[in-house]
Every structure is written in structure tokens, then in C-alpha cells.
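[1] my questions concern the predicted model and sequence given below.
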Amino acid sequence: MHTTISARHCEISEELRERAQSVLQRLTALVDRPVDGTVVFDVAPQVATAEIRIHGSGGELFVASGEDKDHRSALDRAEDKVRRQLEKRADSRRGRSARDVV
């Protein structure tokens, strides 16, 4: 899987870069054959943002962004949003396969 962590209009610490890497690893473990994962940090007046994008091999795309006073908190918010998307997809797949069996 290809991983990209970048920052626009700001600098990020090595610690935050490593945290973003571990977040991507946790999230892509929930995706069947992930192709790539991207985290983009940005800053606007008074707010830090983090966007997470994960592409699956089946053309699936999961995108979420989080905003907060610092990049770490924004990353946590984005992670929660992507995790909900991934869990919702997994639930719908389980429900679909159960209906097909009946």
C-alpha cells in the first residue's frame, strides 16, 4: 500500500507524522486490499485540519476531515469519521450476504 502524509501551509512534527502513519495502518486494516492512504494536514486562521483518504482496490474511496485547535485532535476527529464509514460498509456487506443466503 502506498502511504502519503503531507502538510499544506504548515509544518508538522515527526511525532505527528508517525501518529498519522499509525492511524492509517489501523484504518487500512479494515479495508479489503487497500491501494493507498493519504493524510493531509492544513491550517487556517484559528483552526487546524486533517483529511484522511483511503482507496480500496475495488474503487472504494473513504474520505473524512476533522477540525480542531491542533492537528492531533483534528486527526483524531477525522479518524473517527473514517472508522464510522468503514464500519457502516462492513455492516452493509454482512447484511447483504445474509439476505442472499435466505
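    On my side now, so go ahead.
[2] list the helices and strands the longest helix seen in the chain packs on?
    For the chain, the longest helix by residue count, based on DSSP state H, is helix 71-101. Judged by 3 or more Cβ pairs under 8 Å, 6 or more residues apart in numbering; DSSP states H and E, helix 71-101 is in contact with helix 14-28, strand 34-44, strand 47-56, strand 61-68. The C-beta positions use only the backbone N, C-alpha and C, and glycine is treated the same way.
[3] which one of these is the most hemmed in?
    strand 47-56 (a mean of 20; mean count of other Cβ atoms under 10 Å).
[4] quick check: angle from it to strand 34-44?
    170 degrees (axes from the mean of the first three to the mean of the last three Cα atoms, to 10 degrees).
[5] can you count the residues close to Asp32?
    Counted with other Cβ atoms under 10 Å, residues neighbouring Asp32 total 11.
[6] again with Val31
    21.
[7] same check on Arg8?
    That count, for Arg8 with other Cβ under 10 Å as the rule, works out to 10.
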